[in-house]
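A.B. asks: Here is the input, now give the coordinates:
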Amino acid sequence: MVKTIINKTKKEQLESIYKDQEDVILIFIKFKSFKDSTNKHDRYPKKENFYKDTEELKNLAISAGAKVDSEVIFNQVKPNPKYFISKGKLEQIKNIVFEKNIDLVIFSEDITPAQQTNIQEKLNIKVIDKTALILDIFAQRAHSREGKLQVELAQLNYILPRLSGKGIQLSRLGGGIGTRGPGETKLEVDRRKIRDRIRQLEKKINQIGIQRDVQRKKREENNIFQVSLVGYTNSGKSTLLNTITNSDVYTKDMLFSTLDSTTRRLKISAVQEILISDTVGFIEKLPHQLIASFKSTLEEVRKCNLLLLIVDISDNNFENHILSVKKVLREIGVYYKHIFLVFNKIDKIGESELQRIRIKYKNAIFISALKKIGVEDICCRVKKIIEKHFLSITVKIPYSENKLISFIYDNCQILKKQYFEDGISLLLKTDFRYYSKLSRYICKKA
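C.D. replies: You can find the predicted model right below:
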């Protein structure tokens, strides 16, 4: 058998891979908007925004290993409670599935567990939504122990409300996209077992989070400024980390190629060193299960002093991507931090277009991480930000001010601390915006 595979020609190997791909049909529903409507699905006021969503879902499906056979766009007034789409449109999909021998149907919007079951019974093939697709990609990409635990937790939280009767029979619909992870190790599970497993995973992830906190506190005690790279998936964060720190973090031109947070040291001057962390990429409408499950990983973003928002300038939708990332940053409570725009992949656009964007985003940095163009500007800019926006002060906080002490540990660099009977004395490097909050406790300026 091994001999046969080895002796296959390159063409035969490619044909074999092609056959293993699932043929999928993507379903996009454009709901009519009304001024008095509060429906969450009425969200396509602009044609370009709808086009952006269709391209994104297509790229996600390809990243999951699917072959996109068809893309169908329907106009509809409102979601059908039973099937999400109208019965007539469901019949059209059924005909396409039969004619083209489709393996999987993917909806661009979230569908309820009941709608998913009803559609699957009508089509007699596997049906998933965008959230399930993203979870599947994460299941493929997770390599570290923490990453695998986080993905499994997110998948189980997604699966739990979709169980009915004695369990979900995934075997009836086959394997492949949407069934990777816990689904392929146990095809029929009850709610009690899933809830028990969720509690176990939360406990394990919490333990890893405690270990991260210990490591983070050591870094804080060593007075190291921390920077996090954030951005839309596939914007080049890992490539940038490799370029400026001479690391070998895994990189590939695909969505969500890396999930695990990676931290490296970076010397920005002869005497100054910072820590820079790569984080999981964001995406439009990032599933809430992932935000909750990746809490400990995203903690790196919460605890950092500065965020570098990496943007793929060659993507036509980069401005929408910036908005999407900022929306997620708001959701995880870090939008108040310093955020600095870094436009990557400038080698992929023309000079006139680059100049236009430079004029619009005057304070941004423009680089090509892959070609090592402009990356030295990042060190210079971070150094200036540290000098301009951060003050060194000494405060004495009463032990009764627990919330303020927690705030200081979360948002300031602690250079030195001393314990007294009436409180704790801290030498801090803090953002100038927090000066008024701490001013009444200042003992002296450092």
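A.B. asks: Please make it C-alpha for all contacts and neighbour counts, starting now.
C.D. replies: Noted.
A.B. asks: How confident is the prediction for Leu354, by pLDDT?
C.D. replies: Looking at Leu354, its pLDDT is 94.
A.B. asks: ok, residues contacting the helix or strand hosting it?
C.D. replies: According to DSSP states H and E, Leu354 maps onto helix 351-360. Here helix 351-360 makes contact (C-alpha atoms under 8 Å, 6 or more residues apart in numbering) with 346, 364, 366.
A.B. asks: Can you list the buried residues in the helix or strand Lys403 falls within?
C.D. replies: Per DSSP H and E, Lys403 falls inside helix 402-411. Across helix 402-411, burial judged by 16 or more other C-alpha atoms under 10 Å covers 408, 411.
A.B. asks: Only alpha carbons, please: show stretch 302-321 as CSV.
C.D. replies: Extracted as CSV, the C-alpha positions of stretch 302-321 are listed here (Å, rounded to 0.1, in the frame of the first residue of the first chain):
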residue,chain,number,x,y,z
ARG,A,302,-5.9,42.3,27.9
LYS,A,303,-2.7,42.5,29.8
CYS,A,304,-0.5,44.2,27.2
ASN,A,305,0.5,47.8,27.2
LEU,A,306,0.1,48.4,23.4
LEU,A,307,-1.8,46.8,20.5
LEU,A,308,-0.4,46.8,17.0
LEU,A,309,-3.4,46.3,14.7
ILE,A,310,-1.9,44.5,11.6
VAL,A,311,-3.8,45.2,8.4
ASP,A,312,-3.5,43.4,5.0
ILE,A,313,-3.4,46.5,2.8
SER,A,314,-3.7,44.4,-0.4
ASP,A,315,-7.2,43.2,0.6
ASN,A,316,-9.9,45.3,-0.9
ASN,A,317,-12.0,45.0,2.3
PHE,A,318,-9.2,46.1,4.6
GLU,A,319,-11.2,49.0,6.0
ASN,A,320,-14.1,46.7,6.9
HIS,A,321,-11.5,44.3,8.5
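A.B. asks: buried ones in the helix holding Leu354?
C.D. replies: The neighbour-count check on helix 351-360 (16+ other C-alpha under 10 Å) flags Leu354 as buried.
A.B. asks: Pull the distance from it to the chain's centre.
C.D. replies: Averaging C-alpha positions (C-alpha atoms, centre = their mean, to the nearest Å) puts helix 351-360 28 Å from its chain's average.
A.B. asks: If you count contacts, what does the helix or strand that it is followed by end up packed against?
C.D. replies: For helix 351-360, the succeeding helix or strand toward the C-terminus, using DSSP H and E, is strand 365-366. Strand 365-366 is packed against strand 338-344, with contacts defined by 3 or more C-alpha pairs under 8 Å, 6 or more residues apart in numbering; DSSP states H and E.
A.B. asks: Quick check: neighbours of the strand it packs on in the sheet, parallel or antiparallel?
C.D. replies: Strand 338-344 has the following strand partners under DSSP bridges: strand 306-312 (parallel), strand 365-366 (parallel).
A.B. asks: Tell me which of those sits most buried.
C.D. replies: Ranked by mean neighbour count under mean count of other C-alpha atoms under 10 Å, the strands paired with strand 338-344 are led by strand 306-312, which reaches a mean of 24.
A.B. asks: Can you give me the neighbour number for Leu160?
C.D. replies: Close neighbours of Leu160, defined as other C-alpha atoms under 10 Å, add up to 19.
A.B. asks: What confidence value was assigned to it?
C.D. replies: Per-residue pLDDT puts Leu160 at 81.
A.B. asks: can I assume it sits in a helix?
C.D. replies: Yes. According to DSSP: H, G, I helix; E, B strand; the rest coil, Leu160 belongs to a helix.
A.B. asks: doesn't Asp196 make contact with it?
C.D. replies: No. Using C-alpha atoms under 8 Å, Leu160 is not in contact with Asp196, being 11.5 Å away.
A.B. asks: Please list all residues in contact with the nearest residue to Gln116 once chain neighbours are set aside.
C.D. replies: Using C-alpha to C-alpha, 6 or more residues apart in numbering and skipping residues adjacent in sequence, the residue nearest Gln116 is Val127, 6.4 Å away. For Val127, the contact set (C-alpha under 8 Å, 6+ apart) comprises 104-107, 116, 119-120.
A.B. asks: For the stretch 1-150 of the chain, which segments count as strands?
C.D. replies: Remark: strands assigned in the stretch 1-150 of the chain by DSSP state E, counting those that start in this stretch are 22-31, 66-76, 104-107, 126-129.
A.B. asks: would a markdown table of these with mean pLDDT and distance to Arg381 be doable?
C.D. replies: Listed next are those as a markdown table, based on pLDDT from 0 to 100; distance: least, C-alpha to C-alpha, whole Å:
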| stretch | mean pLDDT | distance to Arg381 |
| --- | --- | --- |
| strand 22-31 | 86 | 43 |
| strand 66-76 | 85 | 42 |
| strand 104-107 | 91 | 43 |
| strand 126-129 | 89 | 42 |
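A.B. asks: could you say what helices and strands the helix or strand in which Lys326 is found packs with?
C.D. replies: For Lys326, the element it lies in under DSSP H and E is helix 318-331. When contacts are defined as 3+ C-alpha pairs under 8 Å, 6+ apart, helix 318-331 packs onto strand 225-231, strand 306-312.
A.B. asks: what distance separates that helix from the middle of the whole chain?
C.D. replies: The chain centroid and the centroid of helix 318-331 are separated by 11 Å under C-alpha atoms, centre = their mean.
A.B. asks: and what of stretch 315-333?
C.D. replies: Stretch 315-333 sits 11 Å away from the centroid of its parent chain (C-alpha atoms, centre = their mean).
A.B. asks: If we go by neighbour counts, what in that stretch is buried?
C.D. replies: Judged by neighbour count using 16+ other C-alpha under 10 Å, the buried positions of stretch 315-333 are 318, 321-322, 324-329, 332.
A.B. asks: wait, which of these is closest to Phe390?
C.D. replies: Nearest to Phe390 among these: Leu329, at 21.6 Å, using C-alpha to C-alpha.
A.B. asks: can you tell me which residues contact that closest one?
C.D. replies: Tyr335.
A.B. asks: Going forward, the N-terminal residue is numbered 51.
C.D. replies: Right, with 51 as the first residue, what we last looked at is Leu379.
A.B. asks: Look up how far Arg249 lies from it.
C.D. replies: Going from Leu379 to Arg249 by C-alpha to C-alpha, to the nearest Å gives 27 Å.
A.B. asks: same deal with Ile152?
C.D. replies: Going from Ile152 to Arg249 by C-alpha to C-alpha gives 37 Å.
A.B. asks: Perfect, that will be all.
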